[in-house]
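**Q** Starting from these lines, generate the structure:
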Amino acid sequence: MAELSLSGLLIVVAVAFLVPLLLGLAPALRLPSVVLELVAGIVIGPSVLGWVEVDEPIRVLALIGLAFLLFLAGLEIEFERLRGRRLTLVGTAFGLSFALAVVVGLGLSAAGRVEDPLFVAIVLVATSLGVVVPVLKDSGKLGTDLGQLVVAAASVADFGAVILLSLFFSRESAGLGAQLVLLGGFALATLAALALLLGLGRSMVFTPVLERLQDTTAQIRVRGAFLLLVGFSALAVGLGLEVILGAFLAGAVLTLVDRDRAMTHPDFRRKLEAAGYGMFIPVFFVTSGVLFDLDALFASGSTVALVPLFLAAILVVRALPALVYRRTLSRLETAVAGLLQATTLPFIVAAVMIGIDLGTLDEATGAALIAAGLLSVLVFPLLALTLLRRADRPVTVAGPQRLKPTTN
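**A** Below you'll find the predicted structure:
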């Protein structure tokens, strides 16, 4: 057995530890941790300092981090909010978003800027739920109509983007019909797993055992979640689909099963988030920075020009469809919803890695897409918060002023 070196992984996990620590020491710097993790990865990678090369230990942990990221994204979907008029609104907005994305992708392809317009269109339609939710929570808007619409829209966008990417750009080189059959088989397996888990959850035999073992060293619910994550991911890969689809649906299934999160196991999701965000997900983002080809991005002025072009495309594709909400939200809240919907990064990073592996995307275009995603996370939430503060600012109405009598 070949001896594995852990020196590169040591640097990666040290960076993952130091990034939030530095942000905690500078609370005035309201910067999402993922942005600094990517930037730090670029600095320690071959593009700048050359301290780290992605070897097998880093690659394996980064893959688990990617799966965990999508797993937790699926876990954040609140299905009770996706119903009735709200589902109609966000579904319509996503349909418009994808239509706009296809038009933008075709335009970029006609201009010779991208090779595969459909792949770029799918990359543009996602929203970063993990960034949007904290912004809404910190501003006190998560429980309002605005917050619920944005969370529902982000959930639909994430789900739709994962499904579309798996349908059209999986590693299995099959036709669309074959991919639909594979997705259908995967959907049936998902429903079977959901039915089995719901049955076990109601079982008078298993429920007491789960409750007895959930907070012992067995941590049985956490182990079950890992089993679900790895099982769905392995099934997706076995069917020639993407890991991200299996991981995302594993989280969605667990969301449907875990209805009593506040009763029998209130700390269950906190434990999963601790495992994901505490260990694996930061490794994925730092590694993505290490793999980021800075030289390819700055190799030519035309590639650098792609960054603002992609940023504008993200804004058009995701923000413009928010006009569908104008009868439910005020004009200013509609603008806020559009900006938050246009905040995207994790899916772009994951999709770019897949696109480069499949040969659908070149290194330079992928670097430009990730750079545009970084800017969207830096700029759009800040603009949204500024608008929200303006909306919450009390309006003072000046009364009629009396003219003072003049004295000669």
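**Q** rest of the way, CA atoms for contacts and neighbours
**A** Will do.
**Q** Dihedrals phi and psi, Gln214?
**A** phi -70, psi -30 (degrees, to the nearest 10).
**Q** That one is in contact with Arg223, isn't it?
**A** No. Applying CA atoms under 8 Å as the test, Gln214 and Arg223 come out as separate, 9.4 Å apart.
**Q** In terms of neighbours, single out the busier of those two.
**A** Gln214 (19 against 13; other CA atoms under 10 Å).
**Q** ok, so what distance separates that one from Glu76?
**A** Going from Gln214 to Glu76 by CA to CA, to the nearest Å gives 21 Å.
**Q** do the same with Phe380
**A** 21 Å.
**Q** now Leu245
**A** For Leu245 relative to Glu76 (CA to CA), the value is 15 Å.
**Q** which one of the two has more residues nearby?
**A** The residue with more neighbours, out of Leu245 and Glu76, is Leu245; 28 against 18, by other CA under 10 Å.
**Q** wait, the more buried one sits on Leu167?
**A** No. Using CA under 8 Å, Leu245 is not in contact with Leu167, being 9.8 Å away.
**Q** so where do the strands sit in this protein?
**A** Using DSSP state E, the chain contains no strands.
**Q** Tell me the buried residues in the lengthiest helix in the chain?
**A** Once the chain is assigned using DSSP state H, the helix that runs over the most residues is helix 363-392. Across helix 363-392, burial judged by 16 or more other CA atoms under 10 Å covers 363-378, 380-382, 384-385, 387-388.
**Q** Please apply the same query to stretch 295-305.
**A** Within stretch 295-305, the residues that qualify as buried are 296-297, 303-304, counting by 16+ other CA under 10 Å.
**Q** What of stretch 233-248?
**A** Using 16+ other CA under 10 Å as the test for burial, stretch 233-248 gives 233-237, 239-248.
**Q** low-confidence ranges in the chain?
**A** Across the chain, the ranges flagged by pLDDT under 70 are 1-2, 81-82, 138, 170-179, 201, 203, 259-266, 391-408.
**Q** how about 50 then?
**A** Counting by pLDDT under 50, the chain contains low-confidence residues at 262-263, 395-408.
**Q** which residues in the stretch 51-200 of the chain form helices?
**A** Assigned by DSSP state H, counting those that start in this stretch, the helices in the stretch 51-200 of the chain fall at 56-75, 84-110, 117-124, 129-138, 145-168, 176-202.
**Q** For the fourth one, list the C-alpha coordinates in PDB.
**A** Written as PDB, here are the backbone C-alpha positions of helix 129-138 (Å, rounded to 0.1, in the frame of the first residue of the first chain):
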ATOM      1  CA  LEU A 129     -29.800  29.000  -0.100                       C
ATOM      2  CA  GLY A 130     -27.000  28.700   2.500                       C
ATOM      3  CA  VAL A 131     -26.100  32.400   2.000                       C
ATOM      4  CA  VAL A 132     -29.700  33.800   1.600                       C
ATOM      5  CA  VAL A 133     -31.200  32.300   4.700                       C
ATOM      6  CA  PRO A 134     -28.700  33.900   7.100                       C
ATOM      7  CA  VAL A 135     -29.200  37.300   5.400                       C
ATOM      8  CA  LEU A 136     -33.000  37.000   5.900                       C
ATOM      9  CA  LYS A 137     -32.600  35.700   9.400                       C
ATOM     10  CA  ASP A 138     -30.200  38.500  10.500                       C
END
